[in-house]
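Predicted coordinates and the sequence they were generated for:
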Amino acid sequence: MTPYLQPRVDGDLRSLVEDHAWLHQLVDALGSPVNVVLPDQLVRNVQRFREVYRTHHLSGGIFFAHKANRSHALVRALAAVDAGIDVASLGELQHALASGFGPSRIMATGPKSREFLWLAARTGVTVNVDSVAELTELAGIIAAHRLPRVTVLARLSGFVAAGANVMTRTSRFGIPAGNLGMLWETLAKHRDELDFAGVAYHLDTVGLPEKAAALESCLQAMDEAGAQGLRPRAVDVGGGFGVSYLADERQWDAWTTELTGAVLGKRPPMTWNNHGYGLRNEGGKIRGTLSAYPGYRPTAGPAYLDRLLTTASTAHRRPLGTLLLDSLYDLHVEPGRALLDQCGAVVMRVAEVRDDGYGETLVRLAGNGGDVALEQHGVLMDPVLLSRGRPAEAVPIGVFLTGNLCLEADLLTRRKVFLPHRPSPGDLLVFVNTGGYLMDFSAGQALMQPSARTVAAHRRHGGWRWCLDEQFWPVEDREETQ
Ligand SMILES: Cc1ncc(COP(=O)(O)O)c(C=O)c1O
């Protein structure tokens, strides 16, 4: 069986990938690589999260984690609908404000410079603080500049849920949940500057039990806050709802099994220099853990949020969503990757196809590993091959995808990628579903190679229209309103 890892491609993204001529024209016009984003799909994804809120009768903000993509079009499209935005830098805050978000729909998270804190406080966005020190610094800025009170959330970490045998891993962010004395003291001291709205977490894990334990601890912290005379009203469960990147679970299972065999030397290598993605061979036994994104996920995105809310609290034996509702708390979420599911693709031209003399076929692309950051994020999935001319005979071929940097390490993925036939120069490889972190998060200008242009694509009258990302605003042009 050919070890394909075929991507899941749905709806508009599928229709776009099927329009070969359109994509070839785009790359002919703008050069390789080109990033394509689909703002309408992002809006639909927000609606899917909102449906989960409706099911659980909850209200609160869906804050798109801006860091996952730099596109203007995506942020502007969200500004036009019922969505918020989570900004994690001064630049992202400026971008959100300039794209049409009012301060009540913006939340500042992450490590914050004084300038970032000042602009957040000056404009009145909600500040999700990482530490008591940051809270004190914010209060100082507000007092020194005589600014109005600022709404704050306190990010917590290091959770241990009552009665549960689950502890979250340590984090460099957040106030230890088991030791909130200083938080309450600081909030009491700066009552004139800070309006405490509630607590938050963001855990860098796909594990549901860890997240349920964190949410349960947050509910306990809300009780503690109430006992301190505070009136908290929202719990923010961060992002990390995830994406299922692959179409077929069996391919993922087969590939990971084959990788284990390759690391043990029981089959030919599946990767460059038999790289094990965290697995290693110690005396004929597999050691280590696979450090790759779980390519196929049965529950991801809005469905994952639903699962979290239906998980029973260990202390109260009632669903966590019901506990939020009973207390009339708002639920905030900060999804990045999950909101960008099916919202973008990176399109690259094949520059050269070469047999390396050691038995491998190298496909060099006009783009590099920074332009599509599959390796950095451990996302393993095949690109879609679009031939320019008549496709070659359909004989599957395993190839390594190399980039345009003069660097041994510049492989688009260390995985041997199986394509349905041998590509030719001028063909395109489309890396689909790369909107979240895999498009421009790591893109640079090493060797003065051109960085990708980004275009926003939308469907009009049965066909695809596009404009440069910076030209997109969520208002119809005159021709379309007539
Ligand atoms: C504070 C915070 N919120 C939200 C997110 C978004 O996470 P994801 O894209 O996995 O949903 C991140 C990601 O790093 C984060 O640090």
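That came through, no problem.

Can you report phi and psi for the residue of the stretch 51-200 of the chain found nearest the ligand?
Nearest to the ligand, among the residues of the stretch 51-200 of the chain, is Ala65, at 3.5 Å (Cβ to the nearest ligand atom). Just so you know, the C-beta spots here come from the backbone N, C-alpha and C atoms, and that holds for glycine as well. Dihedral angles of Ala65 (phi, psi; degrees, to the nearest 10) stand at phi -80, psi 100.

and if you look at Ile141?
The phi/psi pair for Ile141 (degrees, to the nearest 10) is phi -70, psi -40.

Can you tell me the centre-most residue of the protein?
The centre of the chain sits closest to Arg337, judged by Cα atoms, centre = their mean, with a distance of 2.3 Å.

for the residue of the stretch 151-300 of the chain found nearest the ligand, what are its contacts?
The nearest approach of the stretch 151-300 of the chain to the ligand comes at Gly239, 2.5 Å away (Cβ to the nearest ligand atom). Neighbour list for Gly239: 65, 86, 202, 333-338 [criterion: Cβ atoms under 8 Å, 6 or more residues apart in numbering].

on that earlier part again, give me the neighbour count for the closest residue to the residue of the stretch 51-200 of the chain closest to the ligand other than its chain neighbours.
Once flanking residues are discounted, Ala65 sits nearest to Gly336: 3.1 Å by Cβ to Cβ, 6 or more residues apart in numbering. Number of residues near Gly336 (other Cβ atoms under 10 Å) recorded here: 24.

Does Gly336 touch Ala68 like I think?
Yes - the criterion here is Cβ atoms under 8 Å, and Gly336 meets it with Ala68 at 3.4 Å.

Could you report the neighbour count for the nearest residue to Gly301 once chain neighbours are set aside?
Residue nearest to Gly301 in three dimensions, not counting chain neighbours: Ala338, with 4.2 Å by Cβ to Cβ, 6+ apart. When neighbours are counted by other Cβ under 10 Å, Ala338 registers 25.

helices or strands up against the helix or strand that Asp195 is a member of?
Under the criterion of DSSP states H and E, Asp195 resides in strand 194-200. Judged by 3 or more Cβ pairs under 8 Å, 6 or more residues apart in numbering; DSSP states H and E, strand 194-200 is in contact with helix 132-144, strand 150-157, helix 208-227, strand 234-236.

if we go to 7 Å?
With contacts defined as 3 or more Cβ pairs under 7 Å, 6 or more residues apart in numbering; DSSP states H and E, strand 194-200 has these neighbours: strand 150-157, helix 208-227, strand 234-236.

and the ones you listed as JSON lines, adding distance to Thr361?
Written out in JSON lines, the entries for the helices and strands packed on strand 194-200 read as follows (distance: least, Cβ to Cβ, whole Å):
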{"stretch": "strand 150-157", "distance to Thr361": "46"}
{"stretch": "helix 208-227", "distance to Thr361": "41"}
{"stretch": "strand 234-236", "distance to Thr361": "48"}
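
need the ones you listed in CSV with distance to the ligand, can you?
Shown next, in CSV, are these (distance: least, Cβ to the nearest ligand atom, whole Å):
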stretch, distance to the ligand
strand 150-157, 7
helix 208-227, 12
strand 234-236, 9
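
Including mean pLDDT and mean neighbour count, could these go into JSON lines?
Below are the helices and strands packed on strand 194-200 laid out as JSON lines (pLDDT from 0 to 100; neighbours: other Cβ atoms under 10 Å):
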{"stretch": "strand 150-157", "mean pLDDT": "98", "mean neighbour count": "24"}
{"stretch": "helix 208-227", "mean pLDDT": "96", "mean neighbour count": "20"}
{"stretch": "strand 234-236", "mean pLDDT": "98", "mean neighbour count": "25"}
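
Next, the contact list for Ala247, please.
Neighbour list for Ala247: 6-8 [criterion: Cβ atoms under 7 Å, 6 or more residues apart in numbering].

Looking at these, which one is closest to Cys218?
The nearest member of the contacts of Ala247 to Cys218, counting by Cβ to Cβ, is Arg8 at 32.0 Å.

Was I right to think that closest one contacts Glu249?
No - using Cβ atoms under 7 Å, Arg8 is not in contact with Glu249, being 10.6 Å away.

In terms of neighbours, single out the busier of those two.
Neighbour count, other Cβ under 10 Å: between Arg8 and Glu249, Arg8 has more, with 19 against 13.

Please name the residues that touch that one.
Counted by Cβ under 7 Å, 6+ apart, Arg8 has contacts 244-247, 433.

Pull out the buried positions in the helix or strand containing Ile286.
Here Ile286, judged by DSSP H and E, is contained in strand 285-287. Buried residues in strand 285-287, defined by neighbour count with 16 or more other Cβ atoms under 10 Å: Ile286.

pretty sure the residue nearest to Gly301 is touching Gly238, no?
No - in this structure Ala338 lies outside contact range of Gly238 using Cβ under 7 Å: 11.4 Å.

Report the residue ranges of every domain in this protein.
Under the assignment automatic domain parsing, the domains of the chain span 11-38+343-481, 39-243+296-340, 249-287.

out of these, which comes closest to Thr2?
Set against Thr2 and scored by Cβ to Cβ, the domains of the chain come closest in domain 11-38+343-481, at 4.7 Å.

What average pLDDT does that closest one get?
On average, the pLDDT along domain 11-38+343-481 is 93.

Make 338 the first number, not 1, from now on.
Yes, from this point I'll number from 338; that puts the last item at domain 348-375+680-818.

from the middle of its chain, how far away would that domain be?
19 Å (Cα atoms, centre = their mean, to the nearest Å).

need the residues of the stretch 538-687 of the chain near the ligand, please.
Within the stretch 538-687 of the chain, the positions adjacent to the ligand are 539, 575-578, 671-675 by Cβ under 6 Å from any ligand atom.

Leu665 in helix, strand or coil?
coil (DSSP: H, G, I helix; E, B strand; the rest coil).
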